[in-house]
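1. Mind looking at a prediction? Sequence and model below.
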Amino acid sequence: MILEAETHIRADPEDVFEFFAEMEQNYEAWHPDHITFRWVEGVPVEEGTLAYFEEEIGGEVMKKTVEYVTVESNRRVELKPTSRLMGFFLPFIKFTIEPVGEGCVFTQQIKIRTGPIGKRLNQDEFDAVHQHMKEEGENLRRLLEKEQESDAVKGG
């Protein structure tokens with residue numbers, strides 16, 4: 001099963017990518033349920049880099065250390081949990097940025113491995129994760145478009 005959320009943002013793909021490069025500063029502003037984020041090893045948003053984050057989803061605190069496995073500057077970032085057990089159930093988290101008109105489409109995908117019984121038993125949790133993803137997309141849109149408006153006022 002793949003959970004997906006798509007958001008249209010009136011910002012350049014470079015601005016979206018830069019938001020992720022500065023995640024230590026942006027994480028808590030991105031969503032009110034975000035607790036902490038830190039780079040563990042490597043250079044921000046490069047293949048092989050490790051990051052740790054905590055967030056609350058559906059009343060449960062989730063803690064993950066992830067590795068950046070694919071990075072295409074201004075286009076795509078793919079992460080995988082470093083825990084083999086977590087990685088079995090959650091093989092990847094992917095963010096893509098596609099230029100469209102005067103902005104871009106930001107898409108989040110999370111692959112979850114579960115059978116039909118697991119899906120049924122955990123549907124509330126999956127719904128909470130999907131809702132969280134949608135909120136992240138909307139918050140990212142709001143933050144980046146507000147920043148663009150602020151830059152336009154300063155420049156004009």
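-> In hand now; what should we look at? From a predicted model like this one, the values you see are computed outputs, not experimental measurements.
2. tell me what the lengthiest helix in the chain is packed against?
-> The residue-count maximum for a helix in the chain (DSSP state H) belongs to helix 123-155. Using 3 or more CB pairs under 8 Å, 6 or more residues apart in numbering; DSSP states H and E, the elements in contact with helix 123-155 are strand 2-9, helix 13-21, helix 23-30, strand 50-57, strand 103-111. Just so you know, the C-beta spots here come from the backbone N, C-alpha and C atoms, and that holds for glycine as well.
3. Swap in 6 Å and give it another go.
-> Applying 3 or more CB pairs under 6 Å, 6 or more residues apart in numbering; DSSP states H and E, one finds that helix 123-155 contacts strand 2-9, strand 50-57.
4. And it, what's buried?
-> 126, 128-130, 132-134, 136-137, 139-141, 143-144, 148 (16 or more other CB atoms under 10 Å).
5. Run the angle between it and strand 2-9 for me.
-> Relative orientation of helix 123-155 versus strand 2-9 (axes from the mean of the first three to the mean of the last three CA atoms, to 10 degrees): 20 degrees.
6. I'd like the average pLDDT over helix 123-155.
-> Helix 123-155 shows a mean pLDDT of 85.
7. now stretch 102-119
-> On average, the pLDDT along stretch 102-119 is 90.
8. what sits up against it?
-> With contact meaning CB atoms under 6 Å, 6 or more residues apart in numbering, stretch 102-119 is reached by 1-11, 13, 16, 89, 91-98, 133, 137.
9. need the helices and strands packed on helix 123-155 in a markdown table with mean pLDDT, mean neighbour count and distance to Gly103, can you?
-> Below are the helices and strands packed on helix 123-155 laid out as a markdown table (pLDDT from 0 to 100; neighbours: other CB atoms under 10 Å; distance: least, CB to CB, whole Å):
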| stretch | mean pLDDT | mean neighbour count | distance to Gly103 |
| --- | --- | --- | --- |
| strand 2-9 | 97 | 16 | 5 |
| strand 50-57 | 97 | 17 | 26 |
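10. Need the ones you listed in JSON lines (columns: distance to Arg120).
-> Below are the helices and strands packed on helix 123-155 laid out as JSON lines (distance: least, CB to CB, whole Å):
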{"stretch": "strand 2-9", "distance to Arg120": "16"}
{"stretch": "strand 50-57", "distance to Arg120": "19"}
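11. That'll do, ta.
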